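[1] okay, sequence plus prediction incoming.
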Amino acid sequence: MMNSLDVRRHPDGSIDFDFYRRRAVRQRRLARRLVFRHFLIAAERVVRAVISTNVRSTVHRSLSKQARAQLMGAGQREASVP
């Protein structure tokens, strides 16, 4: 037995091309939206990483040598604690 395709038709029996056109537009719009959202999420991660790096760098440069040494020493002590 062969499967028959369900084809959307007008009452006069002609194929409803407008239905399929609108459905294709919706699918393309959804695909575009998903790609754009993926791009925004990736761009947000990059921006956050750049800002985070710049803030750390700025804070590090603004600290005195003594404060930097204390931070470095505290980091080493935390790493050595089991």
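    Received it, and whenever you're ready, just let me know what you need. This structure is a prediction, so every number in the text was calculated from the model and none was measured. Residues are numbered from 1 along each chain as shown.
[2] mind giving me the packing neighbours of the biggest helix by length in the chain?
    Looking only at the chain and at elements set by DSSP state H, the helix with the highest residue count is helix 17-62. Helices and strands touching helix 17-62, as assessed by 3 or more Cβ pairs under 8 Å, 6 or more residues apart in numbering; DSSP states H and E, are absent. Any C-beta I mention is one placed from the backbone N, CA and C, and that applies to glycine too.
[3] average pLDDT across that helix?
    Mean per-residue pLDDT for helix 17-62: 88.
[4] got it, and stretch 70-82?
    56.
[5] quick thing: my sequence starts at 36, can you match it?
    All right, first residue 36 from here; so that's stretch 105-117.
[6] residues contacting the residue lying closest to residue 55 once chain neighbours are set aside?
    If the residues on either side of it in the chain are set aside, residue 55 comes closest to residue 43, at 7.1 Å by Cβ to Cβ, 6 or more residues apart in numbering. The contact partners of residue 43, taken as Cβ atoms under 8 Å, 6 or more residues apart in numbering, are 50, 51, 54, 55.
[7] turn the residues you listed into JSON lines, including distance to residue 100.
    Conversion of those to JSON lines gives the following (distance: Cβ to Cβ, whole Å):
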{"residue": "50", "distance to residue 100": "79"}
{"residue": "51", "distance to residue 100": "77"}
{"residue": "54", "distance to residue 100": "73"}
{"residue": "55", "distance to residue 100": "71"}
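[8] could I get those as JSON lines with distance to residue 72 and neighbour count?
    As requested, these are exported to JSON lines (distance: Cβ to Cβ, whole Å; neighbours: other Cβ atoms under 10 Å):
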{"residue": "50", "distance to residue 72": "34", "neighbour count": "11"}
{"residue": "51", "distance to residue 72": "31", "neighbour count": "13"}
{"residue": "54", "distance to residue 72": "27", "neighbour count": "13"}
{"residue": "55", "distance to residue 72": "26", "neighbour count": "12"}
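[9] closest to residue 75 among the residues you listed?
    Nearest to residue 75 out of the contacts of residue 43 is residue 55 (Cβ to Cβ; 30.4 Å).
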